[in-house]
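Visitor: Sequence and computational prediction follow.
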Amino acid sequence: MSLTLAVFLTVAGSKPNWVPNNLAGYAIGFGSEASQIRRKDRETGYWIGRSIDCDGAHVSVILTRDTKMFRNFYPLQPGDVPISKLRNLGTDRGVAIGMTENQVSTKIGKPQKRKLDGPYVRTSYEWKNIKNGEGHIYSQELVFKKGKLIEISVGREAVPGC
């Protein structure tokens, strides 16, 4: 019985398969490979931005074509490279721009939330890995239009925050 319980606790504490480590080839975590970025893929028109707040406690990465939203939340800074070729248009978990909701669900499971927002369908996932008041909250939002994935945003927040 204790072996069964130990196995259950290990599985329950494991990251769900939807939690990505990178988006479009850029790390979601914080470290030397994860500075704030803003890039635009010339061929596709997609922007990627990584924002780091609170000395790395809060990290968010977004892949979108919504230029207005992107510039409001990820304004270009001196030293940013605004135009480059993105490595890919998806996550390391196999979720990619252009997929249908069914394809995404097959890859990473059903979302915890699904919301209609005008012409958009927004799906979201969240996982809390917190013990003794410390840990991280991981989130992912996927935006679909006309049945196809058009935007991916992921985040990682430290608990407690700042």
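Guide: Here it is on my side, so go on. Not measured: the values here are computed from a predicted model.

Visitor: hey, what's the residue nearest the centre of the chain bridged with?
Guide: Central residue of the chain (Cα atoms, centre = their mean): Val154, 1.8 Å from the mean position. Beta-bridge pairing of Val154 under DSSP bridges involves Val61, Gln140.

Visitor: Low-confidence ranges, the protein, go.
Guide: 1-13, 30-34, 73, 79 (pLDDT under 70).

Visitor: if we go to 50?
Guide: Low-confidence segments of the chain (pLDDT under 50): 1-12.

Visitor: so how many other residues sit close to Thr67?
Guide: Counted with other Cβ atoms under 10 Å, the neighbours of Thr67 add up to 11. C-beta: built from backbone N, CA, C; applies to glycine.

Visitor: In space, what's closest to it - neighbours in sequence excluded?
Guide: Nearest non-adjacent residue to Thr67, counting by Cβ to Cβ, 6 or more residues apart in numbering: Trp47, 6.9 Å away.

Visitor: Would you quantify the distance from the one you found to Lys146?
Guide: Taking Cβ to Cβ, to the nearest Å as the measure, Trp47 falls 20 Å from Lys146.

Visitor: before we move on, the earlier item: spit out the contact partners of the residue nearest to the centre of the chain.
Guide: By Cβ atoms under 8 Å, 6 or more residues apart in numbering, the residues touching Val154 are 20, 23, 28, 60-62, 91, 138-141.

Visitor: Over to Cys54?
Guide: Counting by Cβ under 8 Å, 6+ apart, Cys54 has contacts 158, 161-162.

Visitor: Please identify which of Trp47 and Lys146 sits among more neighbours.
Guide: For Trp47 versus Lys146, neighbours defined as other Cβ under 10 Å are more numerous around Trp47 (23 against 8).

Visitor: Using CSV, write out every CA atom in stretch 88-103.
Guide: C-alpha atoms of stretch 88-103 as CSV (Å, rounded to 0.1, in the frame of the first residue of the first chain):
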residue,chain,number,x,y,z
ASN,A,88,9.5,27.5,-34.9
LEU,A,89,5.9,28.7,-34.2
GLY,A,90,5.1,26.4,-31.3
THR,A,91,6.1,24.9,-28.0
ASP,A,92,8.5,22.0,-27.3
ARG,A,93,5.3,20.0,-26.3
GLY,A,94,4.2,19.9,-30.0
VAL,A,95,1.5,22.7,-29.9
ALA,A,96,2.0,24.8,-33.0
ILE,A,97,0.3,27.8,-34.7
GLY,A,98,-2.3,26.6,-37.2
MET,A,99,-3.4,23.5,-35.2
THR,A,100,-7.1,22.8,-34.4
GLU,A,101,-8.5,22.5,-30.9
ASN,A,102,-8.8,18.8,-31.4
GLN,A,103,-5.2,18.5,-32.5
